[in-house]
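Asks: A predicted structure for the sequence below; I have some questions about it.
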Amino acid sequence: MKPPSFSFAASLLMTGIWLALSGFGGEQDVSHGPTQTDEKPTKQVAATPEVLRQGKAVYQHYCWPCHGLDGAGDGPVANTLNPRPRDFTAALFKLRTTGFGELPTDADLYRTISRGIPGTAMPSWKQRLTEDERWAVLHYIKTFSKKFIGAHPQPVVIGAEPPDSAASIARGKTLFHGKGQCLNCHGKNGRGNGEFVQVGGILVDARDDPVMPRNMTEPWRYKGGHTVKEIVTRLSTGLNGTPMSPPMAPLDELSEAERWDLVHYVKSLQQPKQGAGQAVIRAKKVKQDLSLDPKAGIWKGVAELDVGLTGQVHVAPRNENPDVDVVRVKALYNDKELALWLQWDDRIKNTDFEPSPEKKAMLAAKFGQTYPVLYPADDRMEDLPDGVMVQWPVHIPDGPIMPHMVQGDSEHPVNLWQWRADWQEDDAVHAVQEGNASGYKAAPKVQPTTGWQAQGKGVFEDGRWSVVIKRALHTKDVKDIQLETGRLIPMAVNVWDGANEEFGLRRTISSWYFVLLEKPPSPDVYILPILGFSLAIGLEFLAIRRAKRKAA
């Protein structure tokens, strides 16, 4: 079959756009996420020859670069996407309301096409395709597998939700750690870092491609939706072709009451984003020393803001398949220093970076590619370190013009504070390097070790990094950011996940946020109310005394 007129370069461009649209950015508000009832079709459309012709035209215009001309999930960009696009010929569909191993209903397919799948390259087509076009393409997709011929799949029947109570959550936690065997994949606290993930090579899908279990604390990335109704549907139907189905996941052995308890526990694990829609990280002034220990008591109760991240796709080599999408940030300062507390989820701890000469050659070749081939995954770099970097403009701007997001530009250089897990392993004193950059075309210039004032310490615990980086407010180096109180200081965060093969420019990045070193209240704020209160009491006392004299 002759492929439609669609260049490979254009397909790659579309892929980048789709990734951006499908929820990779850390700014998605879970309170406005799609629910299972959002995309009910308003009508039924039969698979007539005319409808199938329309569906084929839609498919060949939008879908084939990922899913392939014959629907086998082997389009020109398929091997660069994680997860790989659906193979329609196998008829293994994950998001369904039907039983284990069964085909989806037309409503299931319509919903997925309309909503897309968060955390993947499958975007929502609701705004691009009309309802008739969505009906047409779903009927055309079904022609790729003979299993749909004469099939009439029916949804499973799920009863009403019982009360969500502390007792139900407790029973669900027991199931999660016991009969349900959920912690083997999802980890004891649901961060997707279970034992099977740590040993590696066990979790694969029906195509033997590696898969990662969902981080249940991030509801905005649930592929099938994050409401209790949607979660209980996943537990009742499984995800065909993945470990999230019998026999590996014994979901069929759970009663409906047990599934509801498990759902209530999973729902309790979800953590909504802190400070959604805000862009200012407020640093309060304290008198005590700023501890480098992320678990120190000084950090308890400090206001926090979740900074959204997305794959670095501005320049090559791009990161089209990021995993970390949010960093939680706190800030404190005293008369001498500013300290930033940064925390993000990471399934696997990576602290090594000692590649062999062969690995170094592979690293140079691989990280020169913008769109690396992910399948087969037999040449993965397994010794890349985790890390985080804070990026500041060298000079606090007076206007709205900011440096380029990726290491600044020639007119707007940036100051960089970078912590890396392997540096900490080798030398805890110099776990943070300071540097400067004036663009992405050259590697950042690391400042001389004798001039480093930034310090840092990272702690990895249960699938989560917590790192504190601190530095003097003012330095003598003109290449350093000078931190001033009362001003909005632009700051961006970059993260590297070694297990996700992120290194160099292949990283996750945030947009520009702002750090505000709040000025302590003026003494007048306290003195004037006290004086006013005292004056009022004095006047009242005089009035009472005068009234008594008149009465006498």
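Replies: Yes, it's here.

Asks: alpha carbons only for contacts and neighbour counts from here, please
Replies: Will do.

Asks: quick one, helices of the stretch 401-550 of the chain?
Replies: 421-426, 523-551 (DSSP state H, counting those that start in this stretch).

Asks: Shouldn't Ala364 be within a strand?
Replies: No. Counting by DSSP: H, G, I helix; E, B strand; the rest coil, Ala364 is located in no strand; its state is helix.

Asks: how much space is there between it and Leu374?
Replies: 16 Å (C-alpha to C-alpha, to the nearest Å).

Asks: how about the strands in the stretch 1-150 of the chain?
Replies: In the stretch 1-150 of the chain, no strands are defined using DSSP state E, counting those that start in this stretch.

Asks: still on that earlier bit, which of the helices of the stretch 401-550 of the chain has the lowest average pLDDT?
Replies: With a mean of 55, helix 523-551 has the lowest mean pLDDT of the helices of the stretch 401-550 of the chain.

Asks: Quickly list the domain ranges of this protein.
Replies: 8-148, 166-269, 280-520, 523-552 (automatic domain parsing).

Asks: Just the terminal-to-terminal distance for the longest one.
Replies: Which is domain 280-520. Span of domain 280-520 from end to end, C-alpha to C-alpha: 17 Å.

Asks: go on, stretch 381-401?
Replies: Span of stretch 381-401 from end to end, C-alpha to C-alpha: 38 Å.

Asks: Report the buried residues of that stretch.
Replies: 381, 383-396 (16 or more other C-alpha atoms under 10 Å).

Asks: that older thread, kindly reformat the domains of the chain as a markdown table containing distance to Val157.
Replies: Shown next, in a markdown table, are the domains of the chain (distance: least, C-alpha to C-alpha, whole Å):
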| stretch | distance to Val157 |
| --- | --- |
| domain 8-148 | 9 |
| domain 166-269 | 9 |
| domain 280-520 | 34 |
| domain 523-552 | 63 |
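
Asks: looking at those domains, which is closest to Gln154?
Replies: Gln154 sits nearest to domain 8-148 of all the domains of the chain, at 5.9 Å, using C-alpha to C-alpha.

Asks: Surely Met381 is in contact with Asp497?
Replies: No. If you go by C-alpha atoms under 8 Å, Met381 and Asp497 don't touch, sitting 11.7 Å apart.

Asks: just checking, which of the buried residues of stretch 381-401 belong to strands?
Replies: 387-393 (DSSP state E).

Asks: how close does Asn494 sit to Gln343?
Replies: Taking C-alpha to C-alpha, one finds Asn494 at 12 Å from Gln343.

Asks: partner residues bridging the closest residue to Gln418 other than its chain neighbours?
Replies: Nearest residue to Gln418, sequence neighbours excluded (C-alpha to C-alpha, 6 or more residues apart in numbering): Met389, at 4.1 Å. According to DSSP bridges, the partner residues bridging Met389 are Gln418, Asn494.

Asks: Cross-check the contact I'm expecting between Met389 and Asn494.
Replies: Yes. Checked against C-alpha under 8 Å, the pair Met389 and Asn494 is within contact range at 5.0 Å.

Asks: Poorly predicted segments of the stretch 51-200 of the chain, please.
Replies: Residue ranges of the stretch 51-200 of the chain with pLDDT under 70: 200.

Asks: please redo it, this time with the cut-off set to 80
Replies: Applying pLDDT under 80 to the stretch 51-200 of the chain picks out residues 199-200.

Asks: can you map out the helices along it?
Replies: 64-67, 106-115, 131-142, 166-177, 183-186, 195-199.

Asks: Buried residues in the third one, which are they?
Replies: Spelled out, it's helix 131-142. So for helix 131-142, counting by 16+ other C-alpha under 10 Å, buried means 131, 133-142.

Asks: what does that helix contact?
Replies: Around helix 131-142, the neighbours that count as contacts under C-alpha atoms under 8 Å, 6 or more residues apart in numbering are 41, 45, 47, 51-52, 54-56, 58-59, 71, 88, 106, 109-110, 113-114, 125, 148.

Asks: Show the buried residues in those residues.
Replies: Counted by 16+ other C-alpha under 10 Å, the contacts of helix 131-142 give 41, 47, 51-52, 54-56, 58-59, 71, 88, 106, 109-110, 113-114, 125, 148 as buried.

Asks: if we can go back for a sec, what is in contact with Met389 and Asn494 at once?
Replies: Common neighbours of Met389 and Asn494, using C-alpha under 8 Å, 6+ apart, do not exist here.

Asks: Closest to Trp452 out of the buried residues of helix 131-142?
Replies: Once C-alpha to C-alpha is applied, the member of the buried residues of helix 131-142 that ends up nearest Trp452 is Arg134, at 57.6 Å.

Asks: Next one: that closest one from Asp426, what distance?
Replies: Distance, Arg134 to Asp426, using C-alpha to C-alpha: 55 Å.

Asks: One more: Ile231?
Replies: Noted for Ile231: a distance of 44 Å to Asp426, by C-alpha to C-alpha.
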